[in-house]
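**Q** need a structure here:
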Amino acid sequence: MNQPHEEYIMLRTLTTTSIAALVASSFFFVAQAHDHEDRDKDKSDYDIAKIAKEDDRFSTFAEALKAADMEDALDSDGSYTLFAPTNDAFDALPEGTLESLLESDNQDRLRDILSYHIVEEKLMSDDINGDEVRKETLQGSEVRITASYGNVQVNNATVTYPDIEASNGVIHGIDTVIMPTE
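**A** Alright, predicted model coming up:
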């Protein structure tokens, strides 16, 4: 006789517990997002090269800059936008590609690829207003930049860490290594 009442109480308890867990997890994700934002804002006194070297999300990119002898390219005065592939983006390259590019025999190809990620102008994500924008890179080819509903794309890459301000420009972390056309 008491079974429907007990089922109601169990269902109510389960629902309340589920809602509490959902609320708690949303606070966790918001806190994580704020940690990244705070970490990125604190670096605006550093130049792009220093941020890339010190930020563990871009350590492979920093290693590639060193192998290409391009470390000085982003520590100078000026106004740059670096679309920096994250470590995960480099890990997603076909097996052996990164290792091959880091070899001294391939330094020119590596320079082409890395300089294709650099625009000599500071572009914040808010500067892209939904229209397609084409910008010439230091490599000489253009990249296509689009924004839609806060999602910024550079060619086929998605900006995953936008607007990391530096003293000489901005870094946008991207999820794919973009390749210049031959």
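**Q** need the contact partners of the lengthiest strand in the chain.
**A** Counting by DSSP state E, the longest strand found in the chain is strand 157-166. Contacting residues not belonging to strand 157-166 are listed as 36, 40-41, 43-44, 46-48, 50-51, 55, 57, 83, 85-86, 89, 124-125, 151-153, 170-178 [Cβ atoms under 8 Å, 6 or more residues apart in numbering]. Glycine gets a C-beta too; all of them are placed from N, C-alpha and C.
**Q** if we go to 6 Å?
**A** Residues from elsewhere that reach strand 157-166 (Cβ atoms under 6 Å, 6 or more residues apart in numbering): 40, 44, 46-48, 51, 124-125, 152, 171-176, 178.
**Q** got it, and stretch 70-77?
**A** Here stretch 70-77 has contacts from 47-49, 65, 114, using Cβ under 6 Å, 6+ apart.
**Q** of those, which is the most crowded?
**A** For those, neighbours were counted using other Cβ atoms under 10 Å, and I48 has the most, 27 neighbours in all.
**Q** got a list of what the closest residue to P85 other than its chain neighbours touches?
**A** What sits nearest to P85 in space, not counting adjacent residues and going by Cβ to Cβ, 6 or more residues apart in numbering, is V177, at 4.5 Å. Applying Cβ under 6 Å, 6+ apart, we find V177 in contact with 85, 89, 93.
**Q** cool, and A62?
**A** 52-53.
**Q** what separation is there between it and E142?
**A** 25 Å (Cβ to Cβ, to the nearest Å).
**Q** ok, T81 next?
**A** In terms of Cβ to Cβ, T81 sits 13 Å off from E142.
**Q** neighbour count winner among those two?
**A** T81 (25 against 16).
**Q** many thanks, we can stop here.
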